[in-house]
Each structure stands twice: as structure tokens, then as C-alpha cells.
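Novice: when you get a sec, could you give me coordinates for this:
(chains A, B, C, D and E)
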Amino acid sequence: MDIATILGIVAAFGLVIASIFMGGGLSLFINIPSLMIVVGGTLGATMINYPIKDVIGVIGVAKKAILAKEISLNDIIKRFVEYAKKSRKEGILSLESEIKDLNDDFLKKGIQLSIDGLEPQEIREILETEVDFIRNRHQLGAEIFATMGAFAPALGMIGTLIGLVQMLQTMDDPSRIGPAMAVALLTTFYGSIMANIICLPIAGKLKTRSKEEMLEKELMIQGIISLSNGDNPRIIEQKLLAFLPASKRQAREK
Amino acid sequence: MDIATILGIVAAFGLVIASIFMGGGLSLFINIPSLMIVVGGTLGATMINYPIKDVIGVIGVAKKAILAKEISLNDIIKRFVEYAKKSRKEGILSLESEIKDLNDDFLKKGIQLSIDGLEPQEIREILETEVDFIRNRHQLGAEIFATMGAFAPALGMIGTLIGLVQMLQTMDDPSRIGPAMAVALLTTFYGSIMANIICLPIAGKLKTRSKEEMLEKELMIQGIISLSNGDNPRIIEQKLLAFLPASKRQAREK
Amino acid sequence: MDIATILGIVAAFGLVIASIFMGGGLSLFINIPSLMIVVGGTLGATMINYPIKDVIGVIGVAKKAILAKEISLNDIIKRFVEYAKKSRKEGILSLESEIKDLNDDFLKKGIQLSIDGLEPQEIREILETEVDFIRNRHQLGAEIFATMGAFAPALGMIGTLIGLVQMLQTMDDPSRIGPAMAVALLTTFYGSIMANIICLPIAGKLKTRSKEEMLEKELMIQGIISLSNGDNPRIIEQKLLAFLPASKRQAREK
Amino acid sequence: MDIATILGIVAAFGLVIASIFMGGGLSLFINIPSLMIVVGGTLGATMINYPIKDVIGVIGVAKKAILAKEISLNDIIKRFVEYAKKSRKEGILSLESEIKDLNDDFLKKGIQLSIDGLEPQEIREILETEVDFIRNRHQLGAEIFATMGAFAPALGMIGTLIGLVQMLQTMDDPSRIGPAMAVALLTTFYGSIMANIICLPIAGKLKTRSKEEMLEKELMIQGIISLSNGDNPRIIEQKLLAFLPASKRQAREK
Amino acid sequence: MDIATILGIVAAFGLVIASIFMGGGLSLFINIPSLMIVVGGTLGATMINYPIKDVIGVIGVAKKAILAKEISLNDIIKRFVEYAKKSRKEGILSLESEIKDLNDDFLKKGIQLSIDGLEPQEIREILETEVDFIRNRHQLGAEIFATMGAFAPALGMIGTLIGLVQMLQTMDDPSRIGPAMAVALLTTFYGSIMANIICLPIAGKLKTRSKEEMLEKELMIQGIISLSNGDNPRIIEQKLLAFLPASKRQAREK
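Specialist: The predicted structure follows:
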């Protein structure tokens, strides 16, 4: 789990809750029916919009994106250099034992294809098809969260309108107007929190993560093709370092 | 009818109505003139915008999109493998009896063209023209619902302005202000419901369905061309499986 | 005049006016200065934006788009088939008498070019330049109405702000607050009506009509080129039917 | 200065001011601090956004766009036909005396290049580079005005919030609430006027003018290339008329 | 530091603060919890959205963009002409002493590559990869500030909703309503200031600076390639002047 996400969630939610406590207490801001109309209604509108398997799948995608440890491209490059050395000394078949413990399925599959002796062009096609499906899954995830971020404030406003209409119709006792309007505003509050502190930042996170993961996968494909071509370890390193920005490359050489 | 749509409609409408009942009853929220100005006005603005045949046609498109059972690409692939086996054993003419009971017109037409002996390239052109028209119909449908989703809140606001002007001009009896404003807000409420729980989710659904259907049609075209080329059943299966994501392919092989 | 436009205008305006009458009468909603600031101000901002000849020209474009009878592509195809038969029997010069009564200038000009013996490629270039100018005129029209639809609510808000400032400055007599605010809201009402029931639907209509007319012109160009090439009437019909969706083609064959 | 711009400014500003006078007088609507916060703040935000030389330069671009007399492409075509006649009779060097009095620098430079004997291809490249810089200047101008049109309402709202906070904190004397709120609303009013009657229409005007000027420059480049090639005057006219819409061409032939 | 940015910040902030002082004093507008919820919440949402290293890095990018002195392309061109003269007289190796004191790393690296004798095509590829990373860093910076400009008003509204709900629930003493609402509005005020006077103008600045810096880098690449090719100093000047607009070129020749 990368630290920015933790800090971001703590900062945003913490400040909102702190601000609520300073003004009197959390109980004023908890209203189960209001919460149900915003969260349930937003999920409802989203489920009309997307197939249910995609809406459920998106939770896994989001969890993975938030919990994923940061990718170290330098580590992957180092690993490829080691594989290349071993492969040149003991033959590509010797990599079979190395990849057993790999917990990255994509890398494992790619190297297995090299060991199996497929042509580099075939390996590239198979792996790029795989990458296309990963990219589509990420994009769909970002899209679903963005859709939820668009519906949540709208459902918040619908809830507030319901509360206002009810309050205005039965406006006998002036002392009840204030609290009734406070409750009516809670749905707008929930909708705004749901959109701006949960859904839209997560949609942004998924887009950012997708870019990082696509770069990582492209680097892996390049490395696997190089292994498969039997490239010199030094040349593999040069080729893969081109995927890093200058600043990171310099840091590495120190 | 896919279950997400049912769940979505139940969740969204159910929660709105439940929330209304908890606050006093549905009767406060029913106002026929307000409903007429929002629904009628939105339909009116949409009918200025699009030809009447398209506005009417869109209802059919939406009904089909919502009620359609989920497409099983695996079933279609299995069917093509069977056709390919039969065709290689008994000749392509033997498929004539098979397709009699098909209730997918597109597939039926495509296989009929193969049986009739047209060149694969001609079959592809004819079917792709067909697919273009289906895609345009879906896109037009999504566009019309999105347009309605844009006009509905605007007409809700127009209705509310009418109510406010009338209330403000005749503000003699303070006890009548509340209920009059409640009625004025109802059009905004209807406009927001119509846009965010009906029109915009359906526009999204039509876009999602269109992507699925286009994938299905492309798979069918590939299958028909392969049949027409007399491909080996095993090769047809390989070619068609490329249209499925890896996860579904693995599930299939179990 | 296509019936959807009539229905749309009747529905939208009729419902607004009906709703106004039900609440007390039209007189509350008529305020000439408010109307002037919204309509005049919107036209003013639009005339800064576009040359005056385009703003005036757009009225003609809109009138034509709304009043135009629906285009029957089937009729045009039938006409081309007849021309092709006559041309093959009596020579292309015999079409000179046929086109005298044509009230479609584009078709007339195109066939005249064929009769004059220009090369098909030259005819296509001349006619496509013509089509480009028609398309630009339509697009400019849609753009001007969309611009007006964006300025109208803004000027409505400016008018309301003027009314509010005046009311708030002279808030001595509480009984006058209501009516003064009602008048202030009228400009917002006019701006919203002007944008959502007039300008934006007409902008949409012009885009829809433009697509239809472009299809019609492309069909005509194809027909004229075929005539010029001396194609067989049956082949001309086949080529031109490709411009119709399958459903309309089937309807025709019945 | 084209008449639409005058009419537009008169209509928009005139109606706003007339509407203000009808409601009591201009003095209610003049508040120097409010004006300063909106105009100064908008210029400030714009100057953070763009280099100062571009912000200052944009005033010249706007003045030129508004004051420019309408371009008559027919006059330019006539002029090229005359030049072509003279050039064929007395040689291209004879044009040197003609262009002395030209006040269009672009045209002057282009013809001078022809007289100097550069190859048509070189002339085209030099002139198109020039046109690129003119286009960029126009686009930058439109972009700066659109940015100002986006910041002005935001700063109007900031000013209104300042006024509201001050009023609400010191709400002792109820009779002062109205006037204080009126003053607070003035910044929103100024921001809306600045955006919708000044900045956004001028941004639109610059885009419209840019299209016109680009067409004019392309026509000039075509004419200069033709002169340089020694084309027949009749052919030059034909080529250049293709830049005019059919309606204008017919008008010319009368 | 370019003067427009200073003027812009002084104008925008100065006018806001002046306007606050004229209305009573700054103390009404300072509320630390409100500030914390807007600034902290916006940063929190942004940190969920982007990796922490990018959010921190963006401050450096912004500082550099604002403080950077304006780039004088004419000076760079003059420098290249001098280098070219020296290189032709004393050989390209003589440039080694010249570039020691250069404080532009990009230029230094490029010329060093020329001295090292790499092929022009290789130099171009290496430098353009570098430029791509600089462009991405700028774009990411502009994107992060734009994201913050979108979240800030949303968090301002959330803060105001919290304040309103608390005020409405405990509306016993009417004299406390005004001040409580004033405090509630402060978060909206902070959000609007943060978006419109800080984040969005800086996002715009980064885009503007990026365009300028890309032009500068492209000019440098062209110059380095020309040096490497051993071009004549006069020709280098001609080639590089093509990067300047005509007006600046003329100014230079005076």
C-alpha cells in the first residue's frame, strides 16, 4: 500500500471528521435513511449503467490499485540482467527453476513462452493481447468510479429535495424548520463526500496506476523478447534503462 | 433481462420511494401538472431535436437493451465448432437444416450467404454494412437518452421558476408559502429523477450493450468467414477464443 | 414541415403555458423590459460573436430545417432508375426536358453537368465542393444557435441580479419584496425557456437535418456519376439502395 | 468596424443599462471596490496564467479584430486579375510600382518575393510560415479572452462571499441587511457582465475573424503563386473564385 | 521571476485583501479549522489521486516555472553562432572549454555529445528522449494543479455543508445564526480562492511555460545538430531564426 494513499485518506476523512467533532459531535451527521438513498441510489444508477459482473469486479480492481506496493522498475531490470547472465551460461532452459517462485503471473508466463521456444514475434503478440485486456479492465474501473462520482451528488440533491418538500409542506412549528433542513442537507453532504473524497480520487488513482502498470508491462515484454533473442546482459540493461527517466537512472548509477 | 438492471432499478427507485414514505407519504410528491411539464416538456424538446421516428424507435432499442439476456460468447463459439464439424463431414449445404431454427437473424443471414457460395470477402462486406447500421442505431439511442437527460433538469428548473413567480406574486398568507414552494420544488425533483435515475443510466446501458453486441457480431463474422473458408474446427475454435479475455478462456478449459 | 417538430413545439410550449394558466394567468409572466434584456442581450452577445450576415442568415437556415418535408430517399432512387432507363433508350441528352421542372437545384446542376459531357471525376469534384459549402452553412447555423443557448441563461441571470440589487436596496415595504423578486426571477425564466425550448433543440435539429441532407446529397452524387457512366438501371438501383438501412430496403421490396 | 459588432455592443450594454435606469438609477450599480476586485482579480489571475507581453498584446489583437473592416474577397480577386494582365503585358517587374501603395503587408511581401524571382515552392513555404504565426497569435488571443471569461464569474463569486461574510458577522441592524446584500451581489453582477457581454463574445469574434483571415491569406497565397507561375488572368480568376461560396460567386457575375 | 506573475499575484491577492480590510478587517476571514478542511482535504484527495513523489515534486516544478527568468531565444541563437565560428576555426574539441561554465544541463549534454563524436541522428534521439521526459513532467504538474483546482471548491462546499448542518440543528438563539453562517461560508470562500487565484492560474502557467521550454529545447536540438554537422555559422543563424516570429526577428536586425 503506497503511503500517499494512506496519507490522503487520513487527511481528507480525518479533517472532515475533526471539523465535525469541533462543531458538536458526529451524531448530527449520521442519518441512516439519508446514507441509504445516496449510497444505494448511486449504486443502483451505476448497476443500470454497467453489467453487474463489472460493478462487482471493480471493487477488486480498486483494492488492488490502492494496496499495490509501488513498482520498482530498477528491481525488474536487475532481475532481467541476472536471468540473461544465467541463460547465456547454462542455457535458457535453466530459467525454469528461477521462475517457479515468481509471483508475477505475467512475467512467469512470458519467460515460460521463451523457454518453450516460441518465436519472439509470437511471444510479443500473445503478451500484448494480455496487456490489452489488463488496460481495458483498468479503464473500465476508472470509468465506473467516475460514473459513480457523477451520480452521487445528483442523488444527494434528490434526497435534499425530498427533505425540503416534506419540510415545506408541514411547516407548522417554526422551531422544527432548522433541524428538518439540516437533515435534508445531509444527503447533499453525503453525495459530495462520496464523489469528491471517495469515487473521483479513486478513479484518478486507477488511471495513474494503469499508466505505471502499462510501463512496467512494456518493460517486461522488452526484457522477455531480449532474453528470447539471447541478447548480451549489458545490452538488455541498456535497452531497459531507456524506460526510466534520467533522474532515476542517475540515482541508480551512484 | 440481466439481473444488474433489475437490482439497479429496485435499489434506486425503491430507496427514493422508501425515503419518501418514511417522511410522510407519497401523496406530497405527486403533482400531475408538475409531472406533465417535466416529462412532456422534455419529450417536446427532444422531438424538436430528433425526427419522430427516431424518438419512437428509441423505446424499442432501450427495451431490447434492458431485457436482452446476457450474451454467452462461449455458446456461440461451441455452435461454430459444431457447424464446422458438420460442414466438413456432410458439406456446407448440410447447414441449411441447422439454421432454420436460429433466432439470431444476423447469424442466419451470414451462414445463408456462405451456403449460397458467396466469396468470403463479399460476405464480410455485406455483414459489416449491417453491423454499421446496428452500431448507428445504438449510438443514436444513447444520444437521444443523453439529450433527454440534459433537457429534463432544465425543464424541472423552468417549472420551479413558474411556481416561485406565482408564489411570490401572491404572498399574502404566510402559511401558504411553504406548501407553494414545496410544489414548486417538485418539478426540479422530477427533472432530477428523470435525468439521473432514468435517462442517463439508460444512455450508459445502451453504450455498454453496444460494445458487447459489436464484439459478438465481430466474433460471428470471423466464424462465418472461417466456415466459408472451410477451416478446420480446431482452428476455428482457436481463432474465436481470441475474442474472449484470458479469465473466461481459462474458466472454459476447466 | 415534419410532424415531430410541430408536436415538440406544441408539447413544450403548450405545457409551459398551460402550467402558467393553472397557477393564475399569463399576465404575471409577461414583462417587456425583462424580455428585452434577455432576447436583446443574447442577440447582442451573438452579434459580437458572429458577422451580421451569418446571424441573419441563420434564421433562413433554421426555417428551412424546420419546415423541410422529410426526404424520401426511396423516391430519389426511383427517379434515378427512370432517368437511367430513359438515358439508355434515348441518350443522355433526352434528360434535358426531364430536369426542367426539378425544384432541387443540386440535382438539376449535377444532371446538367452530365448532359454537358463533363468527366465523372470532374462532376464529383464540383458537386463535392458544393456539398462542403452546404455542410459548413448547416454547421455554422447549429453553432450560432448553440452559442445563443449558452448566452441566454447568462443574460437571464444578469437580469435577475439587476432586479435583486434594486429590490434589496429599497427594501422598505416588506409587502413589495415578493412581487419584486418575482419580476427579478422572470429574466432567469426567459433565459431558460429561450435556451432549452428554443435555441438548443433547434441547434440539435440543424445537426440532425445536416446528417440527413449530407446522406441525400451523397446518394445524389453517386446517382449522377452512375448516370454519367451510363450504368445499367438495375445496377444504379443496387448501388443506391446501399445508402438505405436494411429495414427500409425490406419495406421497399414488399 | 463591422456593423454587427456595434449593434451587438449597443444592444447588450444598452439593454442592461436601460433596464438599470428603469429600476431606479445607475448609482445603485456603481461600486468601485467591487469593480476593482472583479476586473483587477481577473486580470491578476490571467497574468499569472500568461506572459505579460501576451496579455498586453491581446488588446491590440482584439481592437484590430473588432475595428477591422470586412474583407472583400471579390476585390482581392479583381486585383489579382489586374496584376496578372499587367504582368503578362509588361513583365512581372512592372508590378513593383503597383505594390508601393499596398497597405496589406502580407500581400506586398508575397508579390515582392515573386518579383525577386523566388521559386513558387519557396514563396509558398515562406508565406505559410507567416500564416502560421498569424494563426497562433489569433488563437492565443481567443484563448486569453476565454480564460478571462472563466475567471471573471469566479472572482465575482469570491467578492460576493466576502460581502456576505461581512454582512452576516455584523447583522445587528436588520434594515442594513438588504443594502449590504445588494452590494455583495454587485461583484457577481460585474463578473457575469465581464464574462458574458465582454470576454466570451470577443473570444468568439477572434475565432470567427481568424477563420476569415486564414481564408483570405490562403486565397492570396494561391494568387501570388499563380502570378509567379505566369498563369493566364482568366485561369487565376477561376482558381480564386473556388474560394467563394456559390451564392457570392453568382452575385458577382450579375 | 517574470514580472507578469508578480503583478498577477499582487493584483489578485492584494485586491481581495484590500476589499476585506475595507469591509472591517481580516480577522473575520481567518478560521483555522475551515482553512484546514479545505487545504488539507484538497491535498488529501490529490494524494489519493497521484503518487506522493509526484505531488511533492510538483512544488518544485511550480517554483521553477514561476521563478524562471524569461528565455531569450535570441541569446541562444547568438551563442550557437559563436560556437559555430569557434568550432570551424579551432575544431569542435575547442568547445569543451566553452561549455564548462554553462548552467543549462541540456545544452551542455548536447554539445558534449557532439564533441564526443556521436552521429547527429543518435544525438537527436538521445536529446528528444530527454525532452519527452521534461514535457511529461510539465504536463503532470499542470494536471495535478488542475486536479487540485477541481477538488478545492468541492471541499469548500463540504465544509460549508458541515457548518450549515451544525447551525441549523442548534438554531435556538437567532442572533447567533448570522455569525455561524458567516463561518460556514468561509470554507466555500477558501475553496474558491484556492482554485481560482492559486491552482488554476498556476496550472495555466505550467502549460504556457511548457510550450516555451519545448520551443527552446527544439531550437537547441537544431543548433546542436547543426554544430555537429559542421554547418556554416551564417546557415546556423538562418535555420535557428526560423524559430522566432517575424516581429522578433525584425527587432533583432535593427
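Novice: what about residue A:99, neighbour count?
Specialist: By other C-beta atoms under 10 Å in any protein chain shown, the residues close to residue A:99 number 17. Backbone N, C-alpha and C define where each C-beta goes, glycine included.
Novice: same check on residue A:51?
Specialist: Counted with other C-beta under 10 Å, residues neighbouring residue A:51 total 18.
Novice: if I look at it, how far off is chain E?
Specialist: Residue A:51 is 27 Å from chain E, where distance means C-beta to the nearest C-beta, to the nearest Å.
Novice: contacts for stretch A:15-27?
Specialist: A:28-29, A:193, A:197, E:33-34, E:36-37, E:40-41, E:44, E:158-159, E:162-163, E:166, E:169-170 (C-beta atoms under 8 Å, 6 or more residues apart in numbering or on different chains).
Novice: any idea how far that stretch is from the chain center?
Specialist: Its chain's C-alpha centre and that of stretch A:15-27 lie 29 Å apart, by C-alpha atoms, centre = their mean, to the nearest Å.
Novice: what does stretch A:105-113 give?
Specialist: A distance of 23 Å separates the centroid of the chain from that of stretch A:105-113, by C-alpha atoms, centre = their mean.
Novice: about what we covered before: list the ones among the contacts of stretch A:15-27 that fall in helices.
Specialist: Counting by DSSP state H, the part of these found in helices is A:193, E:33-34, E:36-37, E:40-41, E:44, E:158-159, E:162-163, E:166, E:169.
Novice: dump those into a markdown table; add distance to residue D:124 and neighbour count as well.
Specialist: Shown next, in a markdown table, are the ones in helices among the contacts of stretch A:15-27 (distance: C-beta to C-beta, whole Å; neighbours: other C-beta atoms under 10 Å in any protein chain shown):
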| residue | distance to residue D:124 | neighbour count |
| --- | --- | --- |
| A:193 | 60 | 25 |
| E:33 | 65 | 18 |
| E:34 | 61 | 25 |
| E:36 | 61 | 19 |
| E:37 | 60 | 31 |
| E:40 | 58 | 19 |
| E:41 | 56 | 30 |
| E:44 | 56 | 27 |
| E:158 | 58 | 27 |
| E:159 | 60 | 30 |
| E:162 | 64 | 26 |
| E:163 | 65 | 25 |
| E:166 | 70 | 22 |
| E:169 | 74 | 19 |
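Novice: can you list the weak-confidence ranges in the stretch 101-250 of chain A?
Specialist: Scanning the stretch 101-250 of chain A for pLDDT under 70 picks out A:171, A:246-250.
Novice: now do the helices in it.
Specialist: Shown for the stretch 101-250 of chain A, the helices assigned by DSSP state H, counting those that start in this stretch span residues A:105-115, A:120-169, A:174-193, A:200-229, A:233-241, A:246-253.
Novice: so which of those gets nearest residue D:3?
Specialist: Among the helices of the stretch 101-250 of chain A, the nearest to residue D:3 by C-beta to C-beta is helix A:120-169 (44.2 Å).
Novice: the closest one - contacts with which helices or strands?
Specialist: Packing contacts for helix A:120-169, counted by 3 or more C-beta pairs under 8 Å, 6 or more residues apart in numbering or on different chains; DSSP states H and E, involve helix A:32-49, helix A:52-67, helix A:105-115, helix A:174-193, helix A:200-229, helix B:3-22, helix B:174-193, helix B:200-229.
Novice: in contact with the single nearest residue of chain A relative to chain D, which residues?
Specialist: Checking chain A residue by residue against chain D with C-beta to the nearest C-beta singles out residue A:178 as nearest, at 16.1 Å. Neighbouring residues of residue A:178 by C-beta under 8 Å, 6+ apart: E:167, E:168, E:169, E:170, E:171.
Novice: so which residues make contact with stretch A:113-126?
Specialist: With contact meaning C-beta under 8 Å, 6+ apart, stretch A:113-126 is reached by A:92, A:93, A:95, A:96, A:110, A:127, A:221, A:224, A:225, A:227, A:228, A:229.
Novice: do that again at 7 Å, thanks
Specialist: With contacts defined as C-beta atoms under 7 Å, 6 or more residues apart in numbering or on different chains, stretch A:113-126 is touched by A:92, A:93, A:95, A:96, A:110, A:221, A:224, A:225, A:227, A:228, A:229.
Novice: and the furthest pair within the residues you listed?
Specialist: Longest distance between any two of the contacts of stretch A:113-126 is 21.1 Å, between A:93 and A:221; criterion C-beta to C-beta.
Novice: neighbour-wise, which of the two wins?
Specialist: When residue A:93 and residue A:221 are compared on other C-beta under 10 Å, the one with more neighbours turns out to be residue A:221, at 20 against 11.
Novice: find the nearest non-adjacent residue to that one, please.
Specialist: Closest residue in space to residue A:221, ignoring its immediate chain neighbours: residue A:127 at 5.1 Å, by C-beta to C-beta, 6 or more residues apart in numbering or on different chains.
Novice: tally of neighbours for that neighbour?
Specialist: Residue A:127: 21 surrounding residues under other C-beta under 10 Å.
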